[in-house]
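Chemist: can't give you the sequence, but here's the structure:
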Ligand SMILES: O=c1ccn([C@H]2C[C@H](O)[C@@H](CO)O2)c(=O)[nH]1
Ligand SMILES: [Zn+2]
């Protein structure tokens, strides 16, 4: 899969973000081994801590739809107002670590479509995992 396609889906996914507090739209596109793409946007809340980021929305939609740990091959995240490639929060890094292989490519994308390619392992080194 072309990263450009995944980027386009992430940009499009940001458009449904619910962001009355930050006005910072984020979109995520999660590619599975079968070629399906799950989209996610950030969904904020008056109680700020309840906000769900775009990355977790996409991951939870995929798991809820029957995808399993290890079924994922790439993630793209786009920040509509991100001056530099967007950087996932700690909660999202931990959720990525739960479901993604350590070397899964994560493409972080700025508003100007600057792309930084990283991995789950780079985003969350020395991760907590009680199963291992
Ligand atoms: O990687 C990120 C970083 C931030 N946000 C959201 C959380 C909040 O709604 C807004 C501002 O932080 O952007 C995401 O969805 N993903
Ligand atoms: Zn997050």
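Modeler: Structure's in. What do you need? These numbers were taken from a predicted model, which means no experiment stands behind them. Ligands and ions are numbered 1, 2, ... in the order given.
Chemist: what element comes up after the strand or helix carrying residue 93 heading to the C-terminus?
Modeler: For residue 93, the element it lies in under DSSP states H and E is helix 90-99. Heading C-terminal from helix 90-99, the first helix or strand you meet, by DSSP H and E, is strand 105-109.
Chemist: Secondary structure element holding the residue sitting nearest the centre point of the chain?
Modeler: Centrality entry for the chain: nearest residue to the mean C-alpha point is residue 55, 2.8 Å, by Cα atoms, centre = their mean. In the assignment (DSSP H and E), residue 55 maps to helix 54-64.
Chemist: picking up where we left off before, without its sequence neighbours, what residue ends up closest to the residue nearest to the centre of the chain?
Modeler: Of all residues not flanking residue 55 in the chain, residue 92 sits nearest, at 4.2 Å (Cβ to Cβ, 6 or more residues apart in numbering). From N, CA and C alone the C-beta is placed, and that goes for glycine too.
Chemist: and if you look at residue 80?
Modeler: Among residues not flanking residue 80 along the chain, residue 25 sits closest, at 4.0 Å (Cβ to Cβ, 6+ apart).
Chemist: ok, the one you found - contacts?
Modeler: Listed by Cβ atoms under 8 Å, 6 or more residues apart in numbering, the contact set of residue 25 reads 14, 15, 17, 19, 41, 42, 79, 80, 81.
Chemist: Filter those down to the buried ones, PyMOL style.
Modeler: The buried residues among those can be selected in PyMOL (16 or more other Cβ atoms under 10 Å) with this line:
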select buried, resi 14+17+19+41+42+79+80
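Chemist: Show me the subset of the contacts of residue 25 that also lies near ligand 1.
Modeler: 19, 42 (Cβ under 6 Å from any ligand atom).
Chemist: Which ones among the contacts of residue 25 map onto strands?
Modeler: Using DSSP state E, the subset of the contacts of residue 25 located in strands is 41, 79.
Chemist: picking up where we left off before, pretty sure the residue nearest to residue 55 sits against residue 53.
Modeler: Yes. Contact criterion Cβ atoms under 8 Å: residue 92 and residue 53 qualify, at 5.1 Å.
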